[in-house]
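# Here's a sequence, model it:
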Amino acid sequence: MLSTFLRILKGVGPLWPLFVAATILAVIYASMGGVSVWTIAPFMKNIFHTGTRATIHEAPLQKGPTGVLKAKLRRYTDSLVLGRTPQETLLRLCIIIFSVTLLKNLAGYLQSVLMATVEQGVIKNFQDRLYAHLLRMPLSFFHNTSTGTLISRITNDVTLLSQALRDSLIGLFRDPFTVLACLVVMVVLSWKLTLLAVVLVPVSYLAIRRMGRKIKKYSVRSQEGMAEITRTLEETISGIKMVKAFAMESFEQSRFRGATGRLMRHLVKFAKVRRLSSPLSEVLGTASAVLLLWFGGRQVLSGGELRPEEFMAFLFASLYMMQPLRNIGNMYGNIKVGVSAAERIFSVLDMETEVKDEGTLEVDDLREGIRFCGVYFAFDGGPYVLRDIDLYVRRG
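Model (predicted):
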């Protein structure tokens, strides 16, 4: 799947600068999300504290690299947020929160616009390449492949690929970077609770991977069903005179109903599996949050290393991370659909075009004419369409 997906991304072509810019904006979006999560702790600590800067005591330095980093971040945050009065602290917090939110949403909007441009560029590239490749294919290819199947490649498969790219490219970097930013905040606050939070990650991975395989299988069958319907329509409409002449209306109607029935069953199975990813991710995420609430709450109540405001920030980070995790689960299914559609497109693009000319002879001095003796010709190992042909062409 990875090789096919990377091959899809190669279709970006001259739009690579936009793709890189969108990736940078995704990093900015995720970073601002992590900053907004981190501001929960100083908000809880300083807004509800009645003292001034002189009465706020710093926490003792904890052991380990995360403890040192947390202490430095505390001091830096306090230097930005704390004012001489609670009102000044509130004003600074409001300015910081608004600025972070504005920058995050601006980066998210610009990234969405750039990714939409990249997506449409990739689709246009595939359509142009597929159409140009079909024009160079030999007549034997069109003889052995129905028109409906070819139309389905350019319309249905490309449309599925477009939908998959639209649903996955925007979150391809934004959601993983957002999850990474939240994990960094959680590790800084409490690496022990972070380990507890990720205990269900292997279960989620195995479940999503199994669903991804089924999604790809049912997606391929659905695409084949759409191709069958397109082929049946093309054959019926192009041969409507024959259908009318031999009174084949009932037969063609029964054939079309069978095709639509098979497509409906494949689409229902596809929907069952695809719709399962989001609730499954949410249930596993909620189970992880409940574990955090129980063990982290007990640590706060017993006066452990984690402060109440830090525990609230930790909970907020874990909840803030749930939506990106659900998006990643859905994105995996969308990528599976896009890969299955792309494989069908690549199966056409990878075919050899016109027959290679390996027997051309150049004649410098043609005196009387050209004579062909015992010519045989067949399409791709099929029955001979020309057999033992002799032909003489006079000069001029």
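# Can I get stretch 65-83 in PDB? Just the C-alpha atoms.
Output of stretch 65-83 as PDB, limited to C-alpha atoms (Å, rounded to 0.1, in the frame of the first residue of the first chain):
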ATOM      1  CA  PRO A  65      15.000  15.500  31.900                       C
ATOM      2  CA  THR A  66      11.200  15.900  31.800                       C
ATOM      3  CA  GLY A  67      11.200  17.400  35.300                       C
ATOM      4  CA  VAL A  68      13.900  19.900  34.300                       C
ATOM      5  CA  LEU A  69      12.100  20.800  31.100                       C
ATOM      6  CA  LYS A  70       8.800  21.200  32.900                       C
ATOM      7  CA  ALA A  71      10.400  23.500  35.400                       C
ATOM      8  CA  LYS A  72      11.900  25.700  32.700                       C
ATOM      9  CA  LEU A  73       8.600  25.800  30.800                       C
ATOM     10  CA  ARG A  74       6.800  26.800  34.000                       C
ATOM     11  CA  ARG A  75       9.200  29.700  34.600                       C
ATOM     12  CA  TYR A  76       9.000  30.900  31.000                       C
ATOM     13  CA  THR A  77       5.200  30.700  31.000                       C
ATOM     14  CA  ASP A  78       5.000  32.600  34.300                       C
ATOM     15  CA  SER A  79       7.300  35.300  32.900                       C
ATOM     16  CA  LEU A  80       4.900  35.800  30.000                       C
ATOM     17  CA  VAL A  81       1.600  35.400  31.800                       C
ATOM     18  CA  LEU A  82       2.000  36.800  35.300                       C
ATOM     19  CA  GLY A  83       1.300  40.500  35.900                       C
END
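# from the middle of its chain, how far away would that stretch be?
Computed by CA atoms, centre = their mean, to the nearest Å, the separation of stretch 65-83 from the middle of its chain amounts to 37 Å.
# Please work out the average pLDDT along it.
When pLDDT is averaged along stretch 65-83, the result is 76.
# how close does the residue nearest to residue 153 when sequence neighbours are not counted get to residue 130?
What sits nearest to residue 153 in space, not counting adjacent residues and going by CB to CB, 6 or more residues apart in numbering, is residue 348, at 5.7 Å. The C-beta positions use only the backbone N, C-alpha and C, and glycine is treated the same way. For residue 348, the distance to residue 130 equals 6 Å [CB to CB, to the nearest Å].
# So which residues of this protein form strands?
Counting by DSSP state E, the chain has these strands, from start to end: 369-378, 384-394.
# Counting by contacts, list what the first one packs against.
For strand 369-378, the elements it packs on are strand 384-394, judged by 3 or more CB pairs under 8 Å, 6 or more residues apart in numbering; DSSP states H and E.
# Equivalent analysis for the longest one, please.
With contacts defined as 3+ CB pairs under 8 Å, 6+ apart, strand 384-394 has these neighbours: strand 369-378.
# what's next to the strand it packs on, contact-wise?
Applying CB atoms under 8 Å, 6 or more residues apart in numbering, the set of residues contacting strand 369-378 from outside is 363, 384-395.
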